[in-house]
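A.B. asks: here are the coordinates; sequence isn't available:
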């Protein structure tokens, strides 16, 4: 997933984006630094005394980085022109911008040009015209930490991140009782369907049966219980083991971040949840690579397989937004 942080120069994009990356564990990409490193320019602006960035080449670069997996925070005054799932526009009042410009030693012409762009809401307008999901944060009088916290809150509201442990409302519990993928009567059918694909398993029974069949999932998530009862089945996925905590009836920030760690790190990996692992399916749907197949038991209905694509990402986002808005 990609969050684009845009806004007029001096609205605080670089410093607050860096802090946001630290809060979430997402990779920060400064588009200006990327353009410089890759030499992605198409000319020189003599009037402004600066290189002209090749935004089309940058878009291809960001798309390539997205396909490699992981979550990105991209920042620049043209970040809204890049592929993204959410655009956060940072703003500041004219007086605040002039003050910051003075601290940066900008010339009068450059300062006023940027102040006018801010008054005209150029970044916000362009993002909306591109059909982006846009949220705005006013940084006037705010430090980088406060701005980063505001952005993290927006990411949570938009179903892209969890800042705090969230209680699952009854309505969402009922919604999750319905399959989001293909339903099979047993694990054998599910394994035939996923043959040759990258898979993640959620639940002790499906994980045990998958490994018993000689299939090694990239990610295994278990909680040591089968149908809420303690399980004595030995599950060894190989590779690294990551602990996570998630009490029954919640989806926690800890489990959310641990699954992101599992998705971005070397495979195979097992996440051992203290509590309940049921909600682990959501971050896998949201952040798993395109084509990843998630196998999990669906109550007494059978075994469900979800193939990660734009539709499953949208479904996971919508569920997380419902959970967040219910708090």
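C.D. replies: Done, it's in. As the structure is a computational prediction, the values presented were derived from the model and not from experiment.

A.B. asks: How about the contacts made by residue 119?
C.D. replies: Residues in contact with residue 119 (C-beta atoms under 8 Å, 6 or more residues apart in numbering) are residue 94. Just so you know, the C-beta spots here come from the backbone N, C-alpha and C atoms, and that holds for glycine as well.

A.B. asks: Repeat that for residue 214.
C.D. replies: Neighbours of residue 214 in contact, by C-beta under 8 Å, 6+ apart: none.

A.B. asks: and if you look at the one 10 residues further on?
C.D. replies: Residues in contact with residue 224 (C-beta under 8 Å, 6+ apart) are 204, 230, 231, 272.

A.B. asks: Report how many residues lie close to the second one.
C.D. replies: This points to residue 230. Residue 230 has 9 neighbours, counted by other C-beta atoms under 10 Å.

A.B. asks: Not counting residues beside it along the chain, what's closest to it?
C.D. replies: With sequence-adjacent residues excluded and distances taken as C-beta to C-beta, 6 or more residues apart in numbering, residue 230 is closest to residue 224, at 6.5 Å.

A.B. asks: ok, that neighbour to residue 318 distance?
C.D. replies: 30 Å (C-beta to C-beta, to the nearest Å).

A.B. asks: Mind telling me the two of the contacts of residue 224 farthest from one another?
C.D. replies: Taking C-beta to C-beta, the two most distant members of the contacts of residue 224 are 230 and 272; they sit 13.8 Å apart.

A.B. asks: can you pick the most crowded of the contacts of residue 224?
C.D. replies: residue 204 (23 neighbours).

A.B. asks: What does residue 23 show for phi and psi?
C.D. replies: Residue 23 adopts backbone torsions of phi -70, psi -40, taken as degrees, to the nearest 10.

A.B. asks: what's the answer for residue 104, then?
C.D. replies: phi -90, psi -10.

A.B. asks: Any stretches of the stretch 151-300 of the chain with poor pLDDT?
C.D. replies: Under the criterion pLDDT under 70, no range of the stretch 151-300 of the chain is flagged.

A.B. asks: mind listing what's buried in stretch 269-280?
C.D. replies: For stretch 269-280, the buried set under the neighbour-count rule, 16 or more other C-beta atoms under 10 Å, comprises 269, 270, 271, 272, 273, 275, 276, 277, 278, 279, 280.

A.B. asks: from those, which ones fall inside strands?
C.D. replies: 269, 270, 271, 272, 273, 275 (DSSP state E).

A.B. asks: picking up where we left off before, which among the contacts of residue 224 gets closest to residue 6?
C.D. replies: Comparing the contacts of residue 224 against residue 6 with C-beta to C-beta picks out residue 272 as the nearest, at 39.6 Å.

A.B. asks: which residues does that closest one contact?
C.D. replies: By C-beta under 8 Å, 6+ apart, residue 272 lies in contact with 222, 223, 224, 241, 242, 243, 244.

A.B. asks: how close does residue 141 get to residue 90?
C.D. replies: 13 Å.

A.B. asks: between these two, who's got more neighbours?
C.D. replies: In this view residue 141 and residue 90 are compared by other C-beta under 10 Å, and residue 90 has more residues nearby, 26 against 9.
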